[in-house]
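S.K.: Starting from these lines, generate the structure:
(2 chains)
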Amino acid sequence: MRNANGKLNGYRGRKPARYSAFDLVRYGIRHGQWPRVWREHDLSPTYDVVIVGAGIHGLATAYYLAVNHGVGRIAVVDRGYVGGGNSGRNTAIVRSNYLTPEGVRFYDRSLDLYEHLSADLNFNVMFSQRGHLTLAHTDASLRTMAWRAEVNKVEGIDSSVIGPEEIKKLVPYLDTSGRTRYPVLGALYHPPGGTVRHDAVNWGYARGADARGVEIHQSTEVLGIDVVGDKVTGVRTNRGRISTPVVVNCTAGHATLLSDMVGVKMPVITHPLQAAVTEPVKMFLDTVVVSGTLHVYVSQTDRGELVFGASTDPYASYSMRGSLEFTEELAGHILELMPSIGKLRLLRQWSGLCDMTPDFSPIMGTTPVEGFLVDVGWGTYGFKAGPVAGETMAELIATKKTPELIAPFDLARFAEGRLVGEKGAASVGH
Amino acid sequence: MIRIPCPFCGPRNSNEFAYKGESKRRPDPATATAEEWRAYLYDHDNPEGWVREGWYHRAGCRRYLKVERHTLTNEVRSAEPAVGA
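M.R.: Numbering: from 1, shown residues only, chains lettered A, B, ... in the order given. Sure thing, here's the model as predicted:
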């Protein structure tokens, strides 16, 4: 296969065929080398669109630009590697049971896209709608859950408040006895919520974008953005200058640093959020369990590991190192919920960066600098929004009209006092 | 782990402290425009590098400190009483 970008220099001689059961048998029997999933390219001097950040948001934007709008020359640049940032550091949970109607509509579109993503990308993203439980430990949080359930129902989302008996049926290992410090009083149950394999989403979008002529440039750091007048004219990287009329900031976590290059002030503070996994054990937990009060969420992967996430660290930092305080607090809280897993050992812990906005909603759209677009402020909800963010940002870039779905999330809302207080975000204690 | 050399208590773990963050001068509510007020509320520097920020030693001497910290490495260079700073 030869496409508009010229020679195929990374596929090891084989075209990137569609994956099929036949291929699985063929490569299995012959122990053949699978074709590489995406290519490497020399940096061209000009592109129509340069997307900074090769994570789910950047790659999805590039993918939908190419697929839905046929935009020609697109480069995705990243100073690290594909999916090496927060797209590979999140806890891979998807749901749409948010609190604001704007948020519910937006995240539900994302869930719709995730449902068909494996087929769209011809890449198994291991989408699993195993159900999502947000526990309530106080009367106040039970009231918030009821509020959320009603907003969800109005928007057509499967979401309801259930009591301890029903919770016990779904998660037998949960301590619902009521004899704990924070007794489980009820939960917001969201059956369509679940998990997706985040690496597969990264690789699937990268492969799909590459097959449609998008150039993915890894180890390409943006050093500066050229602005003439109020217009973006190009990007300076460690591999040379690119001239382009459109730069998209998809670097959630490092959003401020890139926006500072063009002088656009971001109402964002970067906080680390730590996560951990245990050794793999037999399947015993087939729902996602979240407790806002205890600042912990847990799910079991298909390999059998328990994945834990917590609230954000209480200070601003770009450090991605783990801390002992986190492990101690996590262990205490998770054992209160599930005392029977006390003998499980933690395998590893890591940290991702959350760029927190004042209203727990993202910042998407245009900025005062023409040609500089942002898709940032993803706090603790970036992974679940990946597909819809890509789809809507692509529409915005191609049509120059802001899609209705993301209109409430523009940067100007802070100056104009139109905040979207999303108290259904994971980082909000309730 | 961040260790803060409290001038009153000696080196202590950061989980004894409450993080106060970037300190900004509050505009006069009587004269500030809506833009100034919103910039004060929402705009932050959020740099990757050395910052001077507030920490409150809530489980210790209960004093406010001005701490110099690197936001990428979490290294703390100095901590001094915030009074008068």
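S.K.: CA atoms for contacts and neighbours, from now on please.
M.R.: Will do.
S.K.: Near chain B, which residues of chain A are found?
M.R.: A:256-257, A:265-270, A:314-319, A:322-325, A:358, A:414-415 (CA under 8 Å from any CA of the partner chain).
S.K.: what does stretch A:252-259 contact?
M.R.: With contact meaning CA atoms under 8 Å, 6 or more residues apart in numbering or on different chains, stretch A:252-259 is reached by A:86, A:249, A:251, A:265-266, A:268, A:270, A:318, A:352-355, A:375-379, B:46-48.
S.K.: go again using 7 Å as the cut-off
M.R.: The contact list for stretch A:252-259, computed with CA atoms under 7 Å, 6 or more residues apart in numbering or on different chains, reads A:249, A:265-266, A:268, A:270, A:353-355, A:376-378, B:46.
S.K.: List the contacts of the closest residue to residue A:251 other than its chain neighbours.
M.R.: Nearest non-adjacent residue to residue A:251, counting by CA to CA, 6 or more residues apart in numbering or on different chains: residue A:53, 5.1 Å away. Counting by CA under 7 Å, 6+ apart, residue A:53 makes contact with A:76-78, A:250-251.
S.K.: what sits opposite residue B:81 in the beta ladder?
M.R.: For residue B:81, the beta-bridge partners are residue B:65 (DSSP bridges).
S.K.: go on, residue A:278?
M.R.: residue A:346.
S.K.: Tell me which other helices or strands the host helix or strand of residue A:28 touches.
M.R.: Using DSSP states H and E, residue A:28 falls within helix A:21-30. When contacts are defined as 3 or more CA pairs under 7 Å, 6 or more residues apart in numbering or on different chains; DSSP states H and E, helix A:21-30 packs onto no helix or strand at all.
S.K.: what separates it from the chain centre, distance-wise?
M.R.: 32 Å (CA atoms, centre = their mean, to the nearest Å).
S.K.: got it, and stretch A:236-251?
M.R.: 22 Å.
S.K.: Give the rounded mean pLDDT of that stretch.
M.R.: Over the span of stretch A:236-251, the pLDDT mean works out to 96.
S.K.: Report the buried residues of that stretch.
M.R.: For stretch A:236-251, the neighbour count (16 or more other CA atoms under 10 Å in any protein chain shown) marks A:236-237, A:241-251 as buried.
S.K.: okay if I get those as CSV plus secondary structure?
M.R.: Formatted as CSV, those follow (DSSP: H, G, I helix; E, B strand; the rest coil):
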residue, secondary structure
A:236, strand
A:237, strand
A:241, strand
A:242, strand
A:243, strand
A:244, coil
A:245, coil
A:246, coil
A:247, strand
A:248, strand
A:249, strand
A:250, coil
A:251, coil
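S.K.: So which of the residues you listed is the closest to chain B?
M.R.: Set against chain B, the nearest of the buried residues of stretch A:236-251 by CA to the nearest CA is residue A:251 (14.1 Å).
S.K.: Burial check on residue A:81, number of neighbours?
M.R.: Neighbourhood size, residue A:81 [other CA atoms under 10 Å in any protein chain shown]: 16.
S.K.: give me every residue that touches residue A:383.
M.R.: Residue A:383 sits next to A:87, A:90, A:92 when contact means CA under 7 Å, 6+ apart.
S.K.: Can you name the next helix or strand after the helix holding residue A:28?
M.R.: strand A:49-52.
S.K.: And the average pLDDT for that next one is what?
M.R.: Mean predicted lDDT for strand A:49-52 stands at 97.
S.K.: export it as PDB, just CAs?
M.R.: Output in PDB follows, covering the C-alpha atoms of strand A:49-52 (Å, rounded to 0.1, in the frame of the first residue of the first chain):
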ATOM      1  CA  VAL A  49      -2.600  20.500  11.200                       C
ATOM      2  CA  VAL A  50       0.000  19.800  13.900                       C
ATOM      3  CA  ILE A  51      -1.400  18.000  17.000                       C
ATOM      4  CA  VAL A  52       0.900  18.100  20.100                       C
END
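S.K.: contacts for the helix or strand just after it?
M.R.: Sequence order places helix A:56-69 as the next helix or strand after strand A:49-52, per DSSP H and E. Contact with helix A:56-69 is made by A:51-52, A:71-72, A:74, A:76, A:83, A:87, A:201-202, A:205-206, A:208-209, A:212, A:214, A:250, A:386-387, A:389-391, A:393-394, A:398, as judged by CA under 7 Å, 6+ apart.
S.K.: can you give me the helices for chain A?
M.R.: A:21-30, A:56-69, A:101-115, A:117-121, A:139-154, A:164-170, A:198-211, A:255-261, A:324-337, A:382-399, A:412-416 (DSSP state H).
S.K.: which one of these has the lowest average pLDDT?
M.R.: helix A:21-30 - the lowest mean pLDDT of these, at a mean of 86.
S.K.: Near chain A, which residues of chain B are found?
M.R.: Counting by CA under 7 Å from any CA of the partner chain, the residues of chain B close to chain A are B:1, B:19, B:35, B:38, B:42-44, B:46, B:48, B:71-74.
S.K.: and those residues, which of them are in strands?
M.R.: residue B:19 (DSSP state E).
S.K.: Can you mark which positions in stretch A:223-230 are buried?
M.R.: For stretch A:223-230, a neighbour-count test (16+ other CA under 10 Å) marks A:224-227 as buried.
S.K.: before we move on, the earlier item: generate JSON lines for the contacts of residue A:53, with distance to residue A:47 as supplementary columns.
M.R.: Converted to JSON lines, these look like this (distance: CA to CA, whole Å):
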{"residue": "A:76", "distance to residue A:47": "10"}
{"residue": "A:77", "distance to residue A:47": "12"}
{"residue": "A:78", "distance to residue A:47": "15"}
{"residue": "A:250", "distance to residue A:47": "17"}
{"residue": "A:251", "distance to residue A:47": "19"}
